[in-house]
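[1] below is the sequence, then the predicted model.
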Amino acid sequence: QVQLVESGGGLVQPGGYLRLSCKASGGTFSNYAVGWFRQAPGKEREFLAFFNWIGHIYYDDSVKGRFWISRNNAVSTAYLQMNDLKPEDTAVYYCATTGLLPNPLTPKDYIHWGQGTQVTVSS
């Protein structure tokens with residue numbers, strides 16, 4: 001059973017940055033695609049980025065150029081570097097993993113989810 005634990009969220013001022021981490025345990029991390037999502041109050045869970053098992057990376061247009069996904073299979077951890085944060089980036093951020101899907105873009109494509117970490121962008 002794969003378990004995911006996010007960390008790194010917090011309160012940041014507009015224009016600031018945060019780096020989220022997603023530590024996985026169980027399974028073979030290098031075989032998974034890893035995705036990042038967020039969910040603001042009253043809104044649907046929103047796809048941000050994925051990094052699949054063969055190294056393909058994809059970003060939603062809403063975060064392209066500001067957010068960067070990476071992974072370190074040696075420590076079973078994925079990261080989301082978030083720069084130039086805006087108040088509209090305020091949400092709970094989730095990481096998720098799935099198997100050998102080449103382009104996992106929706107929540108239903110993912111099998112395992114973390115508990116989420118709160119990001120609040122406010123002055």
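    Received it, and whenever you're ready, just let me know what you need.
[2] only C-alpha atoms for contact and neighbour calcs from this point on.
    Fine.
[3] residue closest to the middle of this protein?
    The structure's the chain has its C-alpha centroid closest to W36; by C-alpha atoms, centre = their mean the separation is 2.3 Å.
[4] what helix or strand is that one on?
    If you go by DSSP states H and E, W36 is part of strand 33-39.
[5] close enough to count as contact, the residue nearest to the centre of the chain and F47?
    Yes: the pair W36 / F47 is scored as a contact, 6.5 Å apart, by C-alpha atoms under 8 Å.
[6] could you give the separation of stretch 17-31 from the chain centroid?
    Offset of stretch 17-31 from its chain centre (C-alpha atoms, centre = their mean, to the nearest Å): 9 Å.
[7] pLDDT averaged over it - what is it?
    The average of the pLDDT scores along stretch 17-31 is 94.
[8] buried residues in that stretch?
    Using 16 or more other C-alpha atoms under 10 Å as the test for burial, stretch 17-31 gives Y17, L18, R19, L20, S21, C22, K23, A24, F29, S30.
[9] kindly report the same for stretch 49-69.
    Result for stretch 49-69 [16+ other C-alpha under 10 Å]: buried residues A49, F50, F51, N52, W53, I57, Y58, Y59, V63, F67, W68, I69.
[10] now swap in stretch 36-49 and tell me
    Buried residues in stretch 36-49 (16+ other C-alpha under 10 Å): W36, F37, R38, Q39, A40, R45, E46, F47, L48, A49.
[11] please apply the same query to stretch 93-104.
    Neighbour-count burial for stretch 93-104 [16+ other C-alpha under 10 Å]: Y93, Y94, C95, A96, T97, T98, G99, P104.
[12] hmm, back to that, packing partners of the strand holding W36?
    strand 46-51, strand 91-98 (3 or more C-alpha pairs under 8 Å, 6 or more residues apart in numbering; DSSP states H and E).
[13] how about TSV for those strands, with distance to L4 added?
    Formatted as TSV, these follow (distance: least, C-alpha to C-alpha, whole Å):
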stretch	distance to L4
strand 46-51	15
strand 91-98	7
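[14] what's the closest of these to Q1?
    strand 91-98 (11.6 Å; C-alpha to C-alpha).
[15] pLDDT of the closest one, averaged?
    Rounded mean pLDDT across strand 91-98 is 97.
[16] between that strand and strand 46-51, what angle do the directions make?
    Relative orientation of strand 91-98 versus strand 46-51 (axes from the mean of the first three to the mean of the last three C-alpha atoms, to 10 degrees): 40 degrees.
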